[in-house]
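Trainee: need a structure here:
(one chain, ligands or ions: 1)
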Amino acid sequence: MPITSKEALSRAIRLTESEEKWEEKGSSTLPLLISDHIASMLSIPEIRRQFVPSCEENEDEEGNLDPLEEEAHEKAGRLIHRYHNRAAFLVTDRCFSYCRHCFRRRFTGSLTGPASEEEIREAADYISSHSEIKEILLTGGDMFTLSDDRIDTLLDIFKGRCPDVIFRLCTRAAAVYPERFTNRLFSILRKHQTGAPFYLMTQFNHPAELTDEAIRAVNGFLDLGIPAMNQSVLLRGVNDDPDTLIELCNKLLYYRIKPYYLFQGDLVRGTQHLRVPIEKGLEIEKRMRSELSGLGMPQYTIDLPDGGGKVILTENHLVMKKGHEYIFTAPEGGTRVYPDPVN
Ligand code: SF4
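Mentor: Here you go, the predicted model:
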């Protein structure tokens, strides 16, 4: 049985004072839900910190619940069109486990439930009439909390109306509920592999999440020819040290999952205790860049508040431009000059 109450949680683990007081001060907007798979891993501190709520969530007055201004960019039922060439469809508010760092707390776990067929059709019509949209993110919540039949209907509608749009299947389920990925589900996905491809977008934040079951789940997608990309969140007390992230990225790459993003925590109320100072993030990024191959290196990225968009955070090596020459600091030490072609 998944854990859904503090009483059940305290039967599973001995709560700290801060975890014990979670519900006392104000009320967090994100419910407590921990899958069996994650419950069996709560002895690992870095797992516990991601899923067990503490009173720090309710003491946080910084930020707001929609720092990326998604609501302002809602175009059709549940469709967010914030970037010119891609859109996100909020399939459902539900997840298999709620991550305490969730950036979409305004919506996640809000009991709004799965999108209706009418909302799906409305979103698909909007996308098919906007030829600039090349990719759609099926997100939420977690789309795989839907039943197989609902996923089948969802893909039927979208694929029928927007066959040339690439679909990103965004899910944390491989890490938190890997048993969801059954042969029947994969046969439904296979049926809809027409037109533009699917991409699997996972979220693994710590090497311990790469269990045998999780790898098996991802392999099901890879065996269908669906590439897998990982988006981690930089989290204090979870993965805010270079060794952990280097190990994570090397393992991801080994299992054919491309480390894609390492996100700086968004300015979402209730998550300040999990955010890492940018200065520290940049030091971590520098070490990672020096020890990982280009293939294994994710982009350390911040999604700017007030819907400002994504900016990549990395050490600036360009010192100055002198005439047609660019002067760089070299990772190997010293400086180097790169002259532009003269004509
Ligand atoms: S799985 Fe994703 S949407 Fe759900 S709580 Fe975690 S971060 Fe939020």
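Trainee: and Ile80, how far from the ligand?
Mentor: Going from Ile80 to the ligand by C-beta to the nearest ligand atom, to the nearest Å gives 14 Å. All C-beta spots, glycine's among them, are computed from the backbone N, C-alpha and C.
Trainee: so that residue makes contact with Ala87?
Mentor: Yes - if you go by C-beta atoms under 8 Å, Ile80 and Ala87 touch, sitting 6.4 Å apart.
Trainee: where does the closest residue to the ligand within the stretch 201-343 of the chain fall, phi/psi-wise?
Mentor: At 6.3 Å from the ligand, Gln203 is the closest residue in the stretch 201-343 of the chain, using C-beta to the nearest ligand atom. Dihedral pair for Gln203: phi -130, psi 100, per degrees, to the nearest 10.
Trainee: which residues does the helix or strand of the chain with the lowest mean pLDDT contact?
Mentor: The helix or strand of the chain with the poorest confidence is strand 74-76; it has a mean of 78 (mean pLDDT, DSSP states H and E). Contact partners of strand 74-76, identified using C-beta atoms under 8 Å, 6 or more residues apart in numbering, comprise 80-81, 87, 119, 122-123, 125-126.
Trainee: quick check: the farthest pair among the residues you listed?
Mentor: Farthest pair in the contacts of strand 74-76 (C-beta to C-beta) is Ile80 and Asp125. Separation: 15.6 Å.
Trainee: the two: which is more packed in?
Mentor: Neighbours per residue, other C-beta atoms under 10 Å: of Ile80 and Asp125, the larger number sits with Ile80, 22 against 15.
Trainee: following element in sequence after the helix or strand hosting the more buried one, please.
Mentor: Assigning secondary structure by DSSP states H and E places Ile80 in strand 79-83. Using DSSP H and E, the helix or strand that follows strand 79-83 in sequence is strand 86-92.
Trainee: quick one, what contacts Leu274?
Mentor: Neighbour list for Leu274: 49, 100-101, 235-238, 265 [criterion: C-beta under 8 Å, 6+ apart].
Trainee: most neighbours among those, which one?
Mentor: Neighbours here are counted as other C-beta under 10 Å. On that basis the top member of the contacts of Leu274 is His101, with 26 neighbours.
Trainee: ok, back up a step: narrow the contacts of Leu274 to those in helices?
Mentor: Among the contacts of Leu274, the members found in helices (DSSP state H) are Arg49.
Trainee: having no further points to raise, I will conclude here.
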